[in-house]
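**Q** sequence below, structure please.
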Amino acid sequence: MTESTNLLKTPFYDLHVEAGARMVPFAGYDMPVQYPMGIKKEHLHTREKAGLFDVSHMGQVKLKGEKAAQALEALVPVDIIDLSLLKQRYALFTNDKGGVLDDLMVTCVEDGLFLVVNAACKEQDIAHLKANLDGSVEVEVLDDKALLALQGPEAKNVMAKLAPESQSMTFMTAKSLEIGGIKCFVTRSGYTGEDGFEISVANDQAVALAKMLLAEDAVEWIGLGARDSLRLEAGLCLYGHELTTEITPIEASLNWAISKARRPDGARAGGYPGADVIGRQMLSGAPRKRVAILPQGKMPVRDGAEIVTEGETLVGIVTSGGFGPSLNVPIAMALLDKDAAQGQQPLFAMVRGKAIPVEITPLPFVKQNYYRGAR
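**A** Numbers count the residues shown, from 1 in each chain. Next up, the predicted model:
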């Protein structure tokens with residue numbers, strides 16, 4: 001059997017092929033990396049109108065039981081116990097060294113918690129949950145659900161037309177909605193830095209929903225290539241790059257993701273794997289830090305490139321890099337030694353033996369446009 005015949009397919013596979021997508025293996029699935037429009041135009045379309053992303057390769061999991069919140073909170077440095085109904089929170093599975101096993105989204109629902117985990121990590125995440133949650137909490141894998149992300153400034157208008165109740169939603173909230181008569185569970189969230197929605201829908205209704213959304217003039221299919229450049233511009237971490245089992249949340253500059261109640265001086269401090277390491281770094285600083293860098297010139301700097309000083313001392317490594325279509329320049333994120341991260345000395349990225357000057361710049365590269373309510 002060839003590699004392609006072993007790959008899983010989402011419910012939208014035939015739609016992707018019909019749309020002319022270039023399909024590639026990704027996290028065990030045959031996924032669209034780009035469409036005939038091309039990555040740059042797909043990227044800019046999402047920033048200007050609305051992009052539709054097939055993210056059904058992600059893992060959708062329901063935790064059921066009265067103790068679900070307490071049980072999950074013991075695995076993440078996040079306040080889950082006080083998470084209000086239909087509110088969503090970003091969380092991190094950590095290990096005993098303070099490293100990250102995966103990042104995930106957690107939503108409080110009436111009968112427990114709804115989780116979305118990364119595709120490449122979902123099997124280990126499910127095993128992690130089952131191994132660490134006692135019998136009072138049921139771990140239900142929602143294999144019967146597909147997941148779409150509608151992202152961009154026109155997403156709200158499309159949703160307002162097809163599901164008027166969506167207009168009351170704000171960033172990181174959830175609601176059960178009928179979109180054009182199709183029952184869905186929707187969160188106002190995403191991975192592009194733009195306002196948008198992630199839509200969980202039954203597999204047997206998924207294609208009809210996608211066709212309905214694509215029938216709107218503002219909406220186009222967007223592939224994995226533009227999804228990556230969009231999240232990079234927005235300064236968002238990607239598991240396996242900015243987050244690994246060897247990188248702590250503090251090194252990844254995710255201090256904000258450690259809930260106040262779980263910090264060293266919080267009401268429920270610690271109690272999760274690696275809490276001593278993470279707490280110590282919060283109080284005293286981490287040895288490394290994720291930063292944004294702008295390579296000088298037009299040559300992109302890719303992940304894995306070494307960052308060195310003028311004297312060619314190694315001080316870090318690029319975790320993600322590429323071209324930022326919104327800015328029309330190369331952009332990257334790097335994990336640097338804490339001294340180098342202060343930006344007080346000239347730094348260079350080594351690309352094919354050539355030293356490319358880089359400058360540290362604030363994150364995100366492009367303003368995030370999440371909808372937090374009328375002002």
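
**Q** can you give me the strands in the stretch 151-300 of the chain?
**A** 174-179, 182-187, 196-202, 219-221, 288-295 (DSSP state E, counting those that start in this stretch).

**Q** tell me which of these is the most buried.
**A** Comparing the strands of the stretch 151-300 of the chain by mean neighbour count (mean count of other Cβ atoms under 10 Å), strand 196-202 comes out on top with a mean of 24. Backbone N, C-alpha and C define where each C-beta goes, glycine included.

**Q** residue 247 and residue 335, how far apart?
**A** 7 Å (Cβ to Cβ, to the nearest Å).

**Q** ugh, wrong one, I meant residue 53
**A** Taking Cβ to Cβ, one finds residue 53 at 27 Å from residue 335.

**Q** same check on residue 245?
**A** Counting by Cβ to Cβ, the separation of residue 245 from residue 335 is 14 Å.

**Q** likewise residue 359?
**A** Residue 359 is 17 Å from residue 335, by Cβ to Cβ.

**Q** the two: which is more packed in?
**A** Neighbours were counted for residue 359 and for residue 335 using other Cβ atoms under 10 Å; residue 335 has more, 23 against 12.

**Q** show me the contacts for that one.
**A** 242, 247, 251-252, 288-290, 316-317, 319 (Cβ atoms under 8 Å, 6 or more residues apart in numbering).

**Q** what do you get if the cut-off is 10 Å, keeping everything else the same?
**A** Residue 335 makes contact with 241-242, 244, 246-247, 251-253, 288-291, 307, 315-319, 341, according to Cβ atoms under 10 Å, 6 or more residues apart in numbering.

**Q** quick check: phi and psi on the residue of the chain positioned farthest from its centre?
**A** Within the chain, residue 311 marks the point farthest from the mean C-alpha position, 36.0 Å out by Cα atoms, centre = their mean. Dihedral angles of residue 311 (phi, psi; degrees, to the nearest 10) stand at phi -90, psi 10.

**Q** so what's it up against?
**A** 345-346.

**Q** repeat for the one 3 residues further on
**A** By Cβ under 10 Å, 6+ apart, residue 314 lies in contact with 306-308, 337, 340, 350.

**Q** can you pick out the most distant pair from these?
**A** Maximum pairwise distance among these (Cβ to Cβ): 15.7 Å, between 337 and 350.

**Q** between the contacts of residue 314, which is nearest residue 152?
**A** Of all those, residue 152 sits closest to residue 307, with 32.8 Å by Cβ to Cβ.

**Q** list the contacts for the closest one?
**A** So residue 307 contacts 291, 293, 301, 313-318, 332, 334-337, 340, 347-350, 356, 358 (Cβ under 10 Å, 6+ apart).

**Q** circling back to that earlier point, report the buried members of the contacts of residue 314.
**A** Buried residues within these, defined by neighbour count using 16 or more other Cβ atoms under 10 Å: 306-308, 337, 340, 350.

**Q** with that, I have no additional questions.
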